[in-house]
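S.K.: I would like to see how this sequence folds:
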Amino acid sequence: MAKDGWLGIALPVELGGGGLGISEAAMMMQTITESGAGMAGAQAIHANVYATQPLVKFGSPEQIQGIVPNIISGKWRTCFGVTEPNVGLDTTQLRTVAVRDGDGAYRVTGQKIWITCAQVARKMILLARTTPLDQVRRPVDGLSLFCVDLDRQGKRGLEMRPIKKMGGRAVDANEVWFDGYEVAADALIGEEGQGFRIILHGMNAERCLVAAEALGLGYAALQRAAGYGRERVVFGRPIGQNQGVAHPLADAYMRLEAAKLATYHAARLYDDGDGAAVSQSSIGVACNSAKYLAAEAAFAACERAVLSHGGMGYAAEYDVERWFRESLVPRIAPVSREMVLNYISERVLGLPKSY
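M.R.: This is a model prediction of the structure:
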């Protein structure tokens, strides 16, 4: 594999080029959020990067040749169809099913939620159960991954509804319903029943990118707060001269710098993941740790930026209130802080599973 494209997607050599991996894509996403666009700007793009990683790694040559160039060029957009309303983070319990019909195609029935950009996406990377849970040896078995064409005009059985959100309102998030929606047999990515293992390549990439986006958000807020601290004069001196303002911002900067090291370490491990020297378990630990640390550092920076502005921090004029609202996103998604802590407790420390 060579790597190319402004979306940071790994491409076969025959598609040309060589340059971008998740490390570079993470830098791009950090730059976007740090520019002031925030999580909304990042969410408009990032699914096109992480959602396509499983396709590039496990898709057929025909799938890669036919789909990936259109996503890289911007002609098509994609979304990630995993989360369900009654399942949450217990992915093995997904209720969306894909059943083969007499013609060899699949019929998909179920509901997905918090699907970013579904209103404008041409493709969805969809995880669905193809073998009933009571017929598999392990819960991770029997799930399959598809690259689904979202046909809103010609096919029946597809419905979407936008979700009203606290922040990031410039980008749609949706509930999506499938009711016997027809999916071609050649939409299957990799082998049937192996979808859970395949989707991890998208999930780990997503954690890296969200971590980088959180960093950009935190640095943007911190830069704005430092500027305000230099310019705002009260009691005859800049407020940034007061340690009560300066020290929290300095602490936030160091937290961001530490999280940045964790984030780009995780991204490099992900890019090296096809090599025998890097285990998928190590990649998972690094990506989850980076997401946790960056999200917490960004939240602290954004909160302190609001507080350092005093009453004006609550005003839309200075942007810090928007970034503070958006800093909640990486703390919640794509996996909660508590589940990251559970993951590290079990996988790294060897402690008993608590859930």
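
S.K.: Nearest residue to the most centrally placed residue in the chain in space, please, no chain neighbours.
M.R.: The geometric centre of the chain, computed from its C-alpha atoms, lies nearest to residue 206 (C-alpha atoms, centre = their mean), at 3.5 Å. In this structure, residue 206 finds its nearest non-sequential neighbour in residue 50, 4.1 Å apart by C-beta to C-beta, 6 or more residues apart in numbering. Heads up, the C-betas are built off the backbone N, CA and C, glycines and all.

S.K.: swap in residue 295?
M.R.: residue 330 is the one closest to residue 295 (C-beta to C-beta, 6+ apart), at 3.9 Å.

S.K.: list the contacts for the one you found?
M.R.: 39, 210-211, 213-214, 217, 291, 294-295, 298-299 (C-beta atoms under 8 Å, 6 or more residues apart in numbering).

S.K.: Dihedrals phi and psi, it?
M.R.: Taking degrees, to the nearest 10, you get phi -70, psi -20 for the backbone angles of residue 330.

S.K.: now do the one 3 residues further on
M.R.: Comment: the main-chain dihedrals of residue 333 come out as phi -120, psi 150, following degrees, to the nearest 10.

S.K.: pLDDT averaged over the helix ranked longest in the chain - what is it?
M.R.: Longest helix in the chain, counting residues (DSSP state H): helix 195-231. What helix 195-231 shows for mean pLDDT is 97.

S.K.: and for the helix or strand just after that helix, what are the contacting residues?
M.R.: Next helix or strand after helix 195-231 toward the C-terminus (DSSP states H and E): strand 233-234. Taking C-beta under 8 Å, 6+ apart as the criterion, the residues outside strand 233-234 that touch it are residue 239.

S.K.: Just the pLDDT for residue 88.
M.R.: With respect to pLDDT, residue 88 scores 85.

S.K.: my read is it is in a helix, agree?
M.R.: No. Residue 88 is assigned coil when assessed by DSSP: H, G, I helix; E, B strand; the rest coil, not a helix.

S.K.: Look up how far residue 114 lies from it.
M.R.: Relative to residue 114, residue 88 is positioned 10 Å away (criterion: C-beta to C-beta, to the nearest Å).

S.K.: Those two: who's more crowded?
M.R.: The neighbour count for residue 88 versus residue 114, taken as other C-beta atoms under 10 Å, is higher for residue 114 (19 against 12).

S.K.: and the more buried one, backbone torsions?
M.R.: The phi/psi pair for residue 114 (degrees, to the nearest 10) reads phi 60, psi 40.

S.K.: and it, what is it in contact with?
M.R.: 83, 163, 173-174, 333.

S.K.: if I look at it, how far off is residue 285?
M.R.: Counting by C-beta to C-beta, the gap from residue 114 to residue 285 is 25 Å.
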